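Participant: what follows is a protein structure lacking sequence information:
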């Protein structure tokens, strides 16, 4: 989970379900829901890292269909980095809405997939204007860039992740919800991208690459002075 600080509305008395917690369940979750896999290899591919889940919390395994819980059994549900994996996004979200009153969702955006194209990720996802929009990766031209993505994926594995670290809010999305929202299948990449992006300015350019006039501007800017030269 990249934005745990966005989970702010869990009450002390709330019963909390966490779906697909990975190796690090949220400290406030009470029950964990995990998909049951036929073998360890399939589980490891979906898991994303080498560490296994070790917890004293109750873990419930299910077959990927209807959640094994009663209607509104939970006050809050945490579901981080699961939506991009599921086959039937609309049914999955309907089950979340059925068993919980409110919750938190988090997932990677299309930009992340275009860089690394994780095989186990099936969907592009974006929440916009009260609607969660999704598009199957197989409906895009993503695979045409696979030789490039293979290189970038290897760079990520070897720790070259600065662009993700610097621009994490543009590569990942997470939000709390308090009532069910609309879910819509879309067919164009534009529908699962930001409508407008205001990227922060890079400030770490080596000073020796600037000319004297630009260098003076950068030095003044660095101490928050402004002016025309």
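Facilitator: Yes, it's here. All figures in this text were calculated on a predicted structure; none of them were measured in a lab. Numbering: from 1, shown residues only.
Participant: hmm, who's touching stretch 66-80?
Facilitator: 1, 7, 9-11, 13-22, 26, 29, 31, 33, 60, 62, 95-96, 98-107, 174 (C-beta atoms under 8 Å, 6 or more residues apart in numbering). All C-beta spots, glycine's among them, are computed from the backbone N, C-alpha and C.
Participant: residue 147: helix or strand, and which one exactly?
Facilitator: Per DSSP states H and E, residue 147 falls inside helix 146-157.
Participant: just checking, what packs against the longest strand anywhere in the chain?
Facilitator: Secondary structure of the chain per DSSP state E: the longest strand is strand 100-108. Helices and strands touching strand 100-108, by 3 or more C-beta pairs under 8 Å, 6 or more residues apart in numbering; DSSP states H and E, are strand 74-80, strand 123-128, strand 172-177.
Participant: give me the angle between that strand and strand 172-177.
Facilitator: 170 degrees (axes from the mean of the first three to the mean of the last three C-alpha atoms, to 10 degrees).
Participant: how near is the residue positioned nearest the centre of the chain to residue 181?
Facilitator: Centroid-nearest residue in the chain: residue 107, 2.1 Å away (criterion: C-alpha atoms, centre = their mean). For residue 107, the distance to residue 181 (C-beta to C-beta, to the nearest Å) stands at 14 Å.
Participant: likewise residue 23?
Facilitator: Distance from residue 23 to residue 181, by C-beta to C-beta: 29 Å.
Participant: which of the two has more neighbours?
Facilitator: Set residue 23 next to residue 181 and count neighbours by other C-beta atoms under 10 Å: residue 181 wins out with 16 against 13.
Participant: what's the closest non-adjacent residue to the more buried one?
Facilitator: residue 130 (5.6 Å; C-beta to C-beta, 6 or more residues apart in numbering).
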